[in-house]
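*Asks:* Take this sequence and fold it.
(2 chains)
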Amino acid sequence: MSALAADAIEVYRTATRNNRMGMWLFFFSELFLFGGLLITRFALWVDEDGHIIRPELDQNVGLIVTVVLLASSYFMNRSEVAIANGRKRDFLVSLWITGFLGVVFLLGVVIFEWGLIHLPFVEHHIGPTDGVFGAVIFGMTGMHAIHVITGVAFIVVVWRNGKRDVYTEERHWGVEACAIYWHYVDLVWIFFYPAIYLIGHAVH
Amino acid sequence: MKNSSPFRQGIVVGIALFILTVIEYVVALQTGSATILLLLGAAKGVLVVYYFMHISSLWREDEGH
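*Replies:* The predicted structure is shown next:
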């Protein structure tokens, strides 16, 4: 390897390390946003005796959308590992599945939980004006949904770049950035799921 | 396949996340203990942050792809 090529690789590695630190600082700042929403949930969803409560939600919807998002995280990881091992087709297919599952998660929340799209076989569970339950649920899931939409857009951009052979085994920071962003979205839901669906006594 | 170990690791972590989620669901139906549920959530979070988000790469000098 020539000295020039070695220098170029070192410059890229330094830039990637700095980019990675920037992403994590961004995640850290976002913790205050999602942490604040979690605190709001536990502060407001209590009964007169101070016991933690939650609204009566469809548990199947919560479990299914959670499993879908976790599955998407697995495929995103597979996509990242694939590009790092020079498996372009596996990388693109896994990335496509990740984006698809992200959209499925989004539709699951919008159609089944929010009831924004009215289908004859779907009951509207809770609305934003349904008191403190509705307001908090829409605040939490709405902010999370915006991040899911951003993540799906990010995936589309990386997929298109991948089709054009922008990434290689050695140079794929764009894929890594997209992956850790998507996993961050999953991480937030890992705490939102029990907070919204599981913890506390269900109140009708 | 050049290196199958990371692929296997992803599968193992994915299965672990799925099992922990099912345990969460069962615990919620049986006891509803907030402490247990938050601990299970934290365990899942650690798996995601460590294995999927590669947080350790922040302090490894050779990580620069």
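*Asks:* neighbours around the closest residue to residue A:44 other than its chain neighbours, how many?
*Replies:* Once flanking residues are discounted, residue A:44 sits nearest to residue A:132: 5.1 Å by CB to CB, 6 or more residues apart in numbering or on different chains. Placement of C-beta: from N, CA and C, glycine included. Using other CB atoms under 10 Å in any protein chain shown, the number of residues around residue A:132 comes to 14.
*Asks:* Just the pLDDT for the residue of chain A found nearest chain B.
*Replies:* Residue of chain A nearest chain B, by CB to the nearest CB: residue A:13 (2.6 Å). Note on residue A:13: pLDDT of 85.
*Asks:* what stretches of chain A score poorly on pLDDT?
*Replies:* Across chain A, the ranges flagged by pLDDT under 70 are A:1, A:121-125.
*Asks:* Give me the distance between the helix ranked longest in it and the centre of its chain.
*Replies:* The helix that spans the most residues within chain A, counting by DSSP state H, is helix A:3-44. Its chain's C-alpha centre and that of helix A:3-44 lie 15 Å apart, by CA atoms, centre = their mean, to the nearest Å.
*Asks:* Quick check: can you name the pairing partners of whatever helix or strand comes next after it and their directions?
*Replies:* The first helix or strand that comes after helix A:3-44 along the chain, using DSSP states H and E, is strand A:53-55. Within its sheet, strand A:53-55 is paired with strand A:201-203 (parallel), according to DSSP bridges.
*Asks:* Run through the residues that contact residue A:54.
*Replies:* For residue A:54, the contact set (CB atoms under 8 Å, 6 or more residues apart in numbering or on different chains) comprises A:45, A:133, A:196, A:197, A:198, A:199, A:200, A:201, A:202, A:203.
*Asks:* residue contacts, the fifth one?
*Replies:* If a contact means CB under 8 Å, 6+ apart, then residue A:198 has A:54, A:62, B:24, B:25, B:27, B:28, B:32, B:37 as its contacts.
*Asks:* As JSON lines, those residues with secondary structure and distance to residue A:78 would be great.
*Replies:* Converted to JSON lines, the contacts of residue A:198 look like this (DSSP: H, G, I helix; E, B strand; the rest coil; distance: CB to CB, whole Å):
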{"residue": "A:54", "secondary structure": "strand", "distance to residue A:78": "34"}
{"residue": "A:62", "secondary structure": "helix", "distance to residue A:78": "25"}
{"residue": "B:24", "secondary structure": "helix", "distance to residue A:78": "24"}
{"residue": "B:25", "secondary structure": "helix", "distance to residue A:78": "25"}
{"residue": "B:27", "secondary structure": "helix", "distance to residue A:78": "29"}
{"residue": "B:28", "secondary structure": "helix", "distance to residue A:78": "29"}
{"residue": "B:32", "secondary structure": "coil", "distance to residue A:78": "34"}
{"residue": "B:37", "secondary structure": "helix", "distance to residue A:78": "28"}
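*Asks:* Any of these buried? List them.
*Replies:* Among the contacts of residue A:198, those classed as buried by neighbour count (16 or more other CB atoms under 10 Å in any protein chain shown) are A:54, A:62, B:24, B:25, B:27, B:28, B:32, B:37.
*Asks:* Closest to residue B:54 out of these?
*Replies:* Checking the buried ones among the contacts of residue A:198 against residue B:54 by CB to CB gives residue B:24 as the nearest, at 24.5 Å.
*Asks:* Does the closest one touch residue A:194 like I think?
*Replies:* Yes. Checked against CB atoms under 8 Å, the pair residue B:24 and residue A:194 is within contact range at 6.0 Å.
*Asks:* what do those two both touch?
*Replies:* The contact sets of residue B:24 and residue A:194 overlap at B:37, B:40, B:41 (CB under 8 Å, 6+ apart).
*Asks:* how deep is residue A:188 tucked in, by neighbour count?
*Replies:* As a burial measure, residue A:188 scores 25 neighbours (other CB under 10 Å).
*Asks:* what does residue A:110 give?
*Replies:* Neighbours of residue A:110 under the rule other CB under 10 Å: 15.
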